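Participant: sequence first, then the predicted structure:
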Amino acid sequence: MSPVFDHEMLNVYQRSLDFVEFMEEVLAKLRKSLRASGRI
């Protein structure tokens, strides 16, 4: 995806998007794990 706005070209902006994507994956796994542990 090519940048549309000036702030999208900033390295810190791109890294923050990477972090949000990473945390979404971590939280999804955590939720799944907590649901599974609640069944024990």
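Facilitator: Ah, there it is.
Participant: show me the shaky parts of the protein.
Facilitator: For the chain, applying pLDDT under 70 flags the ranges 1, 3, 39-40.
Participant: and the helices in it?
Facilitator: Assigned by DSSP state H, the chain shows helices spanning 11-38.
Participant: dump the residue contacts of the one residue sitting closest to the centre of it.
Facilitator: In the chain, the centroid-proximal residue (C-alpha atoms, centre = their mean) is E21; its distance is 2.0 Å. By C-beta atoms under 8 Å, 6 or more residues apart in numbering, no residues touch E21. Bear in mind the C-beta positions are built from the backbone N, C-alpha and C, glycine included.
Participant: gap between it and A28?
Facilitator: As judged by C-beta to C-beta, to the nearest Å, E21 and A28 stand 11 Å apart.
Participant: likewise for V12?
Facilitator: 25 Å.
Participant: with L10 instead?
Facilitator: 27 Å.
Participant: same question for D18.
Facilitator: Applying C-beta to C-beta to D18 and A28 gives a distance of 16 Å.
Participant: F5 too?
Facilitator: F5 is 28 Å from A28, by C-beta to C-beta.
Participant: likewise for Y13?
Facilitator: 23 Å.
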